[in-house]
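[1] here's a sequence, model it:
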Amino acid sequence: MKTSLITLLLFALPFGLYAEPIKALLITGGCCHDYDAQREIIPAAVDLYSKLPVEWTIYHQRTKAGDRLLELYQNPNWAKGYDVVVHNECFANIGDVDYIENILKPHREGVPAVMIHCSMHCYRTGPTAEEWWKFCGVHSPGHGPKHPFEVKITAPKHEIMQGMSDWNTPQGELYFIKTAYPTMTPLAESLSEKTKTMHTNIWVNAYGPNETRVFGTSIGHHNETMLDPNYMVMITRGLLWAAGKPVVENINSSSK
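    I've put the predicted structure just below:
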């Protein structure tokens with residue numbers, strides 16, 4: 001029996017071209033950050049370093065207001081069909097109980113998440129603030145002055161961190177961690193120039209009764225930090241892990 005040319009080509013081409021794409025939703029916008037650039041940087045990083053294809057949907061609310069309610073979150077099915085949701089938003093001055101419950105419900109029911117920087121400072125003014133912190137895995141009340149810092153890996157055997165080394169951010173805004181919830185596992189930390197203590201800045205969390213996968217990092221204020229290859233690899237590893245994909249075998253380390 002002759003093997004067709006098409007069959008030979010299918011076996012010759014990289015597996016990633018035929019893998020089912022990860023369907024990722026990036027939600028961004030709000031106060032205090034260059035989300036116009038970061039909405040491009042995050043998908044570009046993952047597309048560069050992931051061997052698996054990612055199909056991106058980007059929801060960007062172009063506002064600097066910290067109290068803007070997103071139309072997306074008012075749809076109870078806002079997360080339906082996505083394998084992972086990336087939260088890179090900054091809306092601190094919202095405490096609407098029903099609105100925040102609408103955000104948390106799909107994650108509590110099992111939709112994985114990647115939490116970046118100011119998403120840890122969102123939705124903290126109302127009675128459900130601690131529910132948001134439990135979702136994040138940490139409570140961060142604020143940050144110190146902007147300064148570069150060394151990222152020291154504390155869990156080198158965790159699959160997200162395997163193969164990574166300590167690295168220095170070109171710029172930085174280190175968040176203070178006041179509370180680490182029991183469901184959170186720290187992966188890396190850095191020294192604050194202000195408090196002179198170490199603060200976790202990369203972690204994973206098991207949220208809710210389904211122990212939904214949540215990957216979190218408080219690193220990411222400056223674009224130059226997000227463009228650092230170490231950061232790009234870290235975000236890609238976190239997204240793959242959150243989406244339930246094997247991390248080490250699906251990282252394109254040759255791009256670094």
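
[2] give me the low-pLDDT residue ranges for the stretch 151-256 of the chain?
    254-256 (pLDDT under 70).

[3] one more time with 80, if that's ok
    253-256 (pLDDT under 80).

[4] strands of that one, start to end?
    167-168, 175-176, 179-180, 184-191, 198-207, 212-217 (DSSP state E, counting those that start in this stretch).

[5] compute the inter-axis angle for the fifth one and strand 184-191.
    Right, the one you point to is strand 198-207. Angle, strand 198-207 to strand 184-191, by axes from the mean of the first three to the mean of the last three C-alpha atoms, to 10 degrees: 160 degrees.

[6] buried stuff in strand 198-207?
    198, 199, 200, 201, 202, 203, 204, 205, 207 (16 or more other C-beta atoms under 10 Å). C-beta: built from backbone N, CA, C; applies to glycine.

[7] so which of the strands of the stretch 151-256 of the chain gets nearest residue 104?
    strand 198-207 (8.6 Å; C-beta to C-beta).

[8] now that closest one: how far from the chain's centre is it?
    11 Å (C-alpha atoms, centre = their mean, to the nearest Å).

[9] partner strands of it and their direction?
    Strand 198-207 has these partner strands in its sheet, going by DSSP bridges: strand 184-191 (antiparallel), strand 212-217 (antiparallel).

[10] between those strands, which gets nearest to residue 174?
    Nearest of the strands paired with strand 198-207 (C-beta to C-beta): strand 184-191, 5.6 Å.

[11] can you give me the neighbour number for the closest residue to residue 250 other than its chain neighbours?
    Residue nearest to residue 250 in three dimensions, not counting chain neighbours: residue 51, with 4.7 Å by C-beta to C-beta, 6 or more residues apart in numbering. Neighbourhood size, residue 51 [other C-beta atoms under 10 Å]: 18.
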